[in-house]
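Visitor: Structure for this input, please:
(chains A and B)
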Amino acid sequence: MSLALRIHPIRGPLRRWAWEHPQSWSLVLAAGAWAAMVPHGLHAGHHEHRMSALQEAQGWMLMVGAMMLPLLGEQLKEVAFRNFPARRHAAMALFLLGYLVPWGVMAAPVAWMREQPWGHHPVAPVVAFAVGALWVLTPAWERAHRTGHALRPLAPTGWAWTRDTSRLGMRQGVACAATCLPIMLGCALSGHALYAMLGGFILGLFERRSFWPPRRRLAAGCVLLALWAGVLAA
Amino acid sequence: MRIRRSVYEIEGDPDDDTLTWYGKAIGVLKSRPITAHDSWRFQAAIHDFDKKLDPLAQPGETLPPDVEQARYWSQCQHGSWFFIPWHRMYLHHFEQIIAAAVVSLGGPEDWALPYWNYSKDMPSRLLPPSFRTPSGGPSNLFVAQRTAAANAGQTIADEADVDIDGCLTTTPFTGAPFGNPGFGGGQTGFSHGGMRPGRLEIIPHGSIHNAVGGPGGFMSAFNTAGLDPIFWLHHCNIDRLWEVWRARDAGNADPANAQWLSGVSFRFRAVDGMDVSMTCGQMVDTTAAPLYYKYDDISDPIEEGFGIGVGVGVGAIAGTPELIGASDEPVDVDPAGGAARCVVRAPRGTPGTEAFGIGSAPERIYLHLEHLTCAGFANALDVYLGIAEGANPEDSPRRRIARIPLFGIREASEASGSHGGEGLTFMIEVTQAFEALDDDGDGDFRDVPITLHPVGEQGEHHVRVGRISLYAE
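Guide: The predicted model follows:
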């Protein structure tokens, strides 16, 4: 072709891999969050140590990062490739900030719950997971699920870029929080127990990789988590 | 084995009663309640069903249980690599049900669906005569809910609407993200109205739907398309073009991806009412079980040498293309207001952006029309490249780079729909058009003017194009 147009040269397998997987740093963040949560999760339920509200809020956000970031790979990649190469990583970061806003808003009530005497009761996660099993079978869950996957046009530059990118993240964050809230609450109320976080994460992974929204299987997974929490409570 | 034949060949043979039996069998299906799996409305609802917009709804009528509706209705796959195989499954079961009705009426046991090859010549673009005859013919083939021109036997489609060179010369089957849309569409999950249509799905599939249906017609909407008897002949032709595509070039192969072949199964009610699951892998050979049919003509309609290597998405390039330009804001196309124009701009002075500096020359350039939405029917847009502001695009036919039929835009725009209202998205290869611009001396690729011109009979609502962008690889 004789066009004066030029595009980025991508030479070498490593550069090509980085080009094709611009979202990979989100997995590093998730791994860091898991590394922070696992020691805590292993000891959950074995001690009566109470954390401050700030620590509870931090724990909530770390848990969201650990469980949700690995599930956002496809969305992040979409956002990246809808941007000029120079803006890809900034766009993904902006999307993530927007995504985390609704989860951040929830951190305060979650911390408050954990301050209450019933917030540490071993039956609390059983109730949350049981509610989660019912929630995934409702039409409202299905609506939120659809919204959580929907994309919107992104302005390429300027203030409109900031607005569109963060708004898309926030929109998907709200939908994601709406679909996953009972499970995430169950995890938080279990004291970020490893079984709960791993179980919830596997359910999320299963949902992302399914062709059809696997509502009944998700409900069954929530029931299993509730049963396990019940066994531990007993 | 059933042989599917051209409807115009059948129309031309006074002794051939295929269409007579088709009309009679439709009468049998129409006599059954919607709760019956082998009724006319149940079959149409498999494609899509919207209780609020059902034109044949009867007050107080009973619908199938919610579980059955969720399992079998509104399952059509669009904007996806499942578009072609899912519709093959759908046609197969419908053909079995019609054929059973034909036999029950004393007709032949080898009855097969005909196909409507509108791309053959000018006369074949007209709606076949038997389908526009309210009385005196097999009248179950007529529906009033079409454009007046279609039922009057007038021209409803132009050369661009029935062009098959574009899709047949496109490889591979599976579209690439942000690049070549492929023959059969991009890899997706469940995709009732998705964003990765292949070349076949765009034209002639989408254009013929809207050309026949027009504003308010059955063929123009997912939920009513199957209520028009011509729908099945249209899709039979789309199905035949899959066979033509594979037969014309040894390199034209179906996806070998396990996710496509067997990773997903779609559920249908068979002719005997049994629940059956089918995979795309079962759809690749029409002469084997469970399909057992073939077409009378899958010869290559493209003259030798034409289309090969002319830059219409031939072959795949490894790597995801990069964004090199985008419109700043959405573009509204008013159906009554003529053409809309926008400029796709490349970034200026952004540190690290080398799109117009050093680097390598792109091998291909793609224009993306992203997130097209509309509250009602919209027919099609013609896309022009490099037209001066205020100029009439129709005066510059050489600058037209694509026809974009907007079949399914209303469904894809519904916030409560299966895709959350993200709209339709199209990817068009424009490499040749860019080279032509360059040759004409208009090759300032920092500001690329794009003009969108509404085509044909339009609806009342404006079309919003969320973003227009350029990608290069």
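
Visitor: ok, how many other residues are close to residue A:212?
Guide: 9 (other C-beta atoms under 10 Å in any protein chain shown). Quick note: C-beta positions are derived from backbone N, CA and C, even for glycine.

Visitor: Quick check: which element contains it?
Guide: If you go by DSSP states H and E, residue A:212 is not part of any helix or strand.

Visitor: Let me see the contact set for the closest residue to it other than its chain neighbours.
Guide: Excluding the flanking residues, the one nearest residue A:212 by C-beta to C-beta, 6 or more residues apart in numbering or on different chains is residue B:190, at 5.7 Å. Residues near residue B:190 by C-beta atoms under 8 Å, 6 or more residues apart in numbering or on different chains: A:211-212, B:77, B:418.

Visitor: With respect to residue A:185, which of those is nearest?
Guide: Proximity of the contacts of residue B:190 to residue A:185 (C-beta to C-beta) peaks at residue A:212, which lies at 25.6 Å.

Visitor: Quick check, pLDDT for that closest one.
Guide: Residue A:212 carries a pLDDT value of 77.

Visitor: how far away is it from residue A:206?
Guide: 12 Å (C-beta to C-beta, to the nearest Å).

Visitor: And the contacts of the worst-scoring helix or strand of chain A on mean pLDDT?
Guide: The helix or strand of chain A with the poorest confidence is helix A:139-149; it has a mean of 83 (mean pLDDT, DSSP states H and E). Applying C-beta under 8 Å, 6+ apart, the external contacts of helix A:139-149 come out as A:135, A:171-172, A:174-176, A:178-179, A:213, A:215, B:415-420.

Visitor: so who does the residue nearest to the spatial centre of chain A touch?
Guide: What sits nearest the mean C-alpha location of chain A, by C-alpha atoms, centre = their mean, is residue A:68, with 2.2 Å. For residue A:68, the contact set (C-beta under 8 Å, 6+ apart) comprises A:99, A:103, A:176, A:180, A:204.

Visitor: Compute the distance between it and residue A:101, please.
Guide: Distance of residue A:68 to residue A:101, given as C-beta to C-beta: 13 Å.

Visitor: Check residue A:60 too.
Guide: The gap separating residue A:60 from residue A:101 is 14 Å, by C-beta to C-beta.

Visitor: Just want to know which of the two has more residues nearby.
Guide: A count of neighbours by other C-beta under 10 Å puts residue A:60 above the other of residue A:60 and residue A:101, at 24 against 16.

Visitor: and the more buried one, what pLDDT?
Guide: Residue A:60 carries a pLDDT value of 95.

Visitor: close enough to count as contact, it and residue A:110?
Guide: Yes. Shown here, residue A:60 and residue A:110 form a contact pair, counting by C-beta atoms under 8 Å, at 5.0 Å.

Visitor: So stretch B:367-377, near chain A or not?
Guide: Yes. Using C-beta under 8 Å from any C-beta of the partner chain, stretch B:367-377 reaches chain A at B:370-371.

Visitor: buried sites along that stretch?
Guide: For stretch B:367-377, burial by neighbour count (16 or more other C-beta atoms under 10 Å in any protein chain shown) applies to B:367-374, B:376-377.

Visitor: which element is residue 171 on?
Guide: Picked chain A for this. Residue A:171 belongs to helix A:158-189 when assigned by DSSP H and E.

Visitor: Now do whatever helix or strand comes next after that helix: which elements does it pack against?
Guide: Once the chain leaves helix A:158-189, the next helix or strand it forms, by DSSP H and E, is helix A:194-209. Packed against helix A:194-209 by the contact rule (3 or more C-beta pairs under 8 Å, 6 or more residues apart in numbering or on different chains; DSSP states H and E) you find helix A:24-43, helix A:53-68, helix A:158-189, helix A:215-233.

Visitor: Identify those among the buried residues of stretch B:367-377 that sit within strands.
Guide: B:367-373 (DSSP state E).

Visitor: Just name the closest of those to chain A, please.
Guide: Using C-beta to the nearest C-beta, residue B:371 is the member of those that lies nearest chain A, at 4.5 Å.

Visitor: So the closest one sits against residue B:422, correct?
Guide: Yes. At 6.0 Å, residue B:371 counts as touching residue B:422 under the criterion of C-beta under 8 Å.

Visitor: Now the common contact residues for those two.
Guide: With C-beta under 8 Å, 6+ apart as the test, residue B:371 and residue B:422 both reach A:151-152.

Visitor: In chain B, where's the longest helix?
Guide: Assignment by DSSP state H gives helix B:83-104 as the longest helix of chain B.

Visitor: Now do that helix: distance to the chain's middle.
Guide: Its chain's C-alpha centre and that of helix B:83-104 lie 19 Å apart, by C-alpha atoms, centre = their mean, to the nearest Å.

Visitor: Buried by neighbour count: which residues of it qualify?
Guide: Going by 16+ other C-beta under 10 Å, helix B:83-104 has these buried residues: B:83-102.

Visitor: helix/strand/coil for the residue nearest to residue B:6 when sequence neighbours are not counted?
Guide: Closest residue to residue B:6 apart from its sequence neighbours, by C-beta to C-beta, 6+ apart: residue B:117 at 5.3 Å. In three-state terms, and counting by DSSP: H, G, I helix; E, B strand; the rest coil, residue B:117 is coil.

Visitor: Tell me the pLDDT of residue B:117.
Guide: For residue B:117, pLDDT reads 97.

Visitor: Can you pull the phi/psi pair for it?
Guide: Geometry field for residue B:117 lists phi and psi as phi -90, psi 80, criterion degrees, to the nearest 10.

Visitor: returning to that earlier point: Serialize the ones in strands among the buried residues of stretch B:367-377 to TSV and add fields for pLDDT and distance to residue B:296.
Guide: Compiled in TSV, those are given as follows (pLDDT from 0 to 100; distance: C-beta to C-beta, whole Å):
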residue	pLDDT	distance to residue B:296
B:367	92	38
B:368	94	39
B:369	94	37
B:370	95	40
B:371	94	41
B:372	95	37
B:373	94	41
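
Visitor: Please tabulate those residues in TSV and include distance to residue A:146 as additional columns.
Guide: Supplementary listing: those in TSV, determined by distance: C-beta to C-beta, whole Å:
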residue	distance to residue A:146
B:367	28
B:368	23
B:369	23
B:370	19
B:371	15
B:372	19
B:373	15
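
Visitor: Done for today, thanks.
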